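In: test case, fold it:
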Amino acid sequence: MARRRMETKPVIYCLKTLLLLYSFIFWVTGVVLLSVGLWWKFMLGPYMLLISSGPSNGPYVLTGTGAAIVLFGLFGCFATCRGRPWMLKLYAAFLSLVFMTELIAGISGFVFRHEIKGTFLTTYSDAVMKYDGRDDRSLAVDGVQRRLHCCGVYNYTSWFSSVYFPVGGVPASCCISYSDCSGADLKNATLAARKVYKQGCYELVTSFIESNMGIIAGVTFGIVCLQLIGMSLACCLSRVINANQYEMV
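Out: Below you'll find the model as predicted:
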C-alpha cells in the first residue's frame, strides 16, 4: 500500500502542475475580459448609442465576469496548492458555470446576429436623419465615419434626406481630405460626391462582422473547451487526492 502511495505522488504532482498552469491562463483571460469591459465602458460608450437605443449592459457584464474570473483564478491556484478536495470541487463547479454561460452567450450571439445588424441599421439610420453635429449620437456618427473611412448609411446620399443637409450639407467627417473639402462643396450634392468617402458605414460594419464571424466562433469554441479541460483536471485531481487519503487511513 505504501508503494502505491508513492506511485500516486508523481500523478498528483503532474496534475497539480497542469492545473496551476491552467489556472494561470484562466486568470489571464479574466484580466483580458476585465480590461475589455473597462475599455468598452470608457472608450466605446458613445458608439454604443449607434447600436442600441438604450444604455448597454455589455460592459458591466464583461467587467463583472472578468473580475469574478480573476478572483476564482486565484482561488484555483490556492486550491491546487492546498490540495483540498472540497476546494477543487468548488473550483470545478465554478468552471462548469462559466462553461454554460459562455456556451449560451456564444450560441445566442450567432443565432441573433441578424437581429443585431437590423437594430444597428435602424439606430444608425435614425442617428443620421437627426444628426446635428453636437449631441452624443452625432459625435459618435462622426467618429465612425472618420475611423472607418465611410459616409452615411448606405453611401453619402443618405445625408441628402437628413435634417442637417439643408444647413450644413454632408458632415465634414465624410471628407477624404479636409484641406480639399470646403463647406460650400459639402452643401453641393454634385461636388460633395467627389470629396467624400463612397462606401456606406452600414455595409462596412456588417461585412466586418460577417467576415470575422468564423474567427469569433473559433475563439469562443476554444475558450469553452478550455473550461472543459479545467473542469476535468480539477475533478481528476480531487479524486486522486481522495483515493490517496483513503489508502493512508
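
In: could you count how many residues lie near residue 207?
Out: By other CB atoms under 10 Å, 11 other residues sit near residue 207. From N, CA and C alone the C-beta is placed, and that goes for glycine too.

In: and it, how far from residue 165?
Out: As for residue 207, its distance to residue 165 is 26 Å (criterion: CB to CB, to the nearest Å).

In: pLDDT weak spots in the protein?
Out: Scanning the chain for pLDDT under 70 picks out 1-8, 42-49, 51-59, 106, 109-114, 212-217, 219-220, 244-249.

In: any idea how it splits into domains?
Out: With domains defined by automatic domain parsing, the chain comprises 2-111+214-248, 116-202.

In: can you redo the ones you listed as CSV with mean neighbour count?
Out: Output for those, formatted as CSV (neighbours: other CB atoms under 10 Å):
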stretch, mean neighbour count
domain 2-111+214-248, 16
domain 116-202, 17
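
In: what's the longest helix in this protein?
Out: When the chain is scanned for its longest helix (criterion: DSSP state H), the result is helix 201-248.

In: what does stretch 190-202 contact?
Out: 120-121, 124-125, 144-145, 148-156, 158, 169-170, 174-177, 180-181, 184-186 (CB atoms under 8 Å, 6 or more residues apart in numbering).

In: which element, helix or strand, includes residue 39?
Out: Counting by DSSP states H and E, the element that carries residue 39 is helix 2-43.

In: the inter-axis angle of that helix versus helix 201-248?
Out: 160 degrees (axes from the mean of the first three to the mean of the last three CA atoms, to 10 degrees).

In: now the residue nearest to residue 189 when sequence neighbours are not counted: how far from residue 193?
Out: In this structure, residue 189 finds its nearest non-sequential neighbour in residue 160, 6.4 Å apart by CB to CB, 6 or more residues apart in numbering. Remark: distance between residue 160 and residue 193 (CB to CB) = 11 Å.

In: please apply the same query to residue 78.
Out: In terms of CB to CB, residue 78 sits 64 Å off from residue 193.

In: for the spatially most central residue of the chain, give me its contacts.
Out: For the chain, the residue nearest the mean C-alpha position is residue 36 (6.9 Å; CA atoms, centre = their mean). Counting by CB under 8 Å, 6+ apart, residue 36 touches 62, 66.
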